[in-house]
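In: how would this look folded up:
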Amino acid sequence: MTQEPLTQEQIRNFVLPAHGNLAVVQQLLAEEPRLLNEKYVEFDETALEAASHVGNRPIAEFLLAQGAPMNLYTAAMFGLTDEVAAFLDETPELVNGNGVHGISLLYHAALSGNVELVEMLAERGNTQSPDMPLLGAVGYGRYDMAHWLLNRGADTTTTNFQNKTALQIAQDRQDEALIALLSE
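Out: Numbering: from 1, shown residues only. Have a look, this model is predicted:
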């Protein structure tokens with residue numbers, strides 16, 4: 001007996017919660033394991049890619065543990081310098097690549113807070129704008145990363161999808177260290 005193919009609606013109902021709802025992801029995957037690596041065509045992303053570009057480590061860890069394959073952008077979000085280097089050794093032009101939704105490799109790396117990783121990217125020729133990565137770093141309280149991105153010329157007037165600057169994000173988080181850094 002052959003199974004019915006998965007519908008885009010089923011895949012959508014799995015990928016969208018992968019941005020932030022671990023319980024739903026776990027439940028849906030338990031009910032339908034074939035969802036694991038399926039791509040939601042409208043957003044051109046898998047559940048792992050969804051979790052990675054929003055920096056949702058618990059969901060990404062769960063999906064990897066279920067057998068989702070590691071990719072460059074997930075490795076960058078986790079701050080896995082050696083794994084990112086291995087991906088770039090294989091495909092060097094990806095040093096300036098973008099993941100889903102056009103989100104830069106530098107942004108994914110900024111979410112990790114691993115300055116060693118972004119230094120390695122810079123040494124390999126990464127020239128991506130530090131503006132959006134600054135917003136991601138501040139959103140996750142990554143002081144050292146924010147400092148590195150500011151030194152790289154990040155524009156503090158850039159706004160996120162909620163029209164907030166890095167300073168406003170730091171203020172919302174009540175992160176005094178980042179507030180001070182961004183107010184200099």
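In: got the domain boundaries for the protein?
Out: Per automatic domain parsing, the domain ranges recorded for the chain read 8-65, 78-183.
In: contacting residues for the residue nearest to the spatial centre of the chain?
Out: The chain has residue 53 as the residue nearest its centroid, 2.7 Å off, counting by C-alpha atoms, centre = their mean. For residue 53, the contacting residues are 45, 73, 77, 99, 100, 101, 103, 107, 108, by C-beta atoms under 8 Å, 6 or more residues apart in numbering. Yep, even glycine has a C-beta here, placed from its N, CA and C like the rest.
In: Count the residues that sit near the closest residue to residue 44 other than its chain neighbours.
Out: Spatially, and ignoring its direct neighbours in sequence, residue 44 is nearest to residue 100 (6.1 Å; C-beta to C-beta, 6 or more residues apart in numbering). Neighbour count for residue 100, taken as other C-beta atoms under 10 Å: 17.
In: How are the helices of this protein distributed by residue range?
Out: 8-15, 22-31, 47-53, 57-65, 72-78, 81-90, 105-112, 115-123, 131-139, 143-151, 166-173, 176-183 (DSSP state H).
In: okay, those in CSV with distance to residue 39 and mean pLDDT next?
Out: Shown next, in CSV, are the helices of the chain (distance: least, C-beta to C-beta, whole Å; pLDDT from 0 to 100):
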stretch, distance to residue 39, mean pLDDT
helix 8-15, 7, 97
helix 22-31, 15, 98
helix 47-53, 8, 98
helix 57-65, 13, 98
helix 72-78, 14, 98
helix 81-90, 19, 98
helix 105-112, 18, 98
helix 115-123, 26, 98
helix 131-139, 23, 98
helix 143-151, 29, 98
helix 166-173, 30, 98
helix 176-183, 35, 97
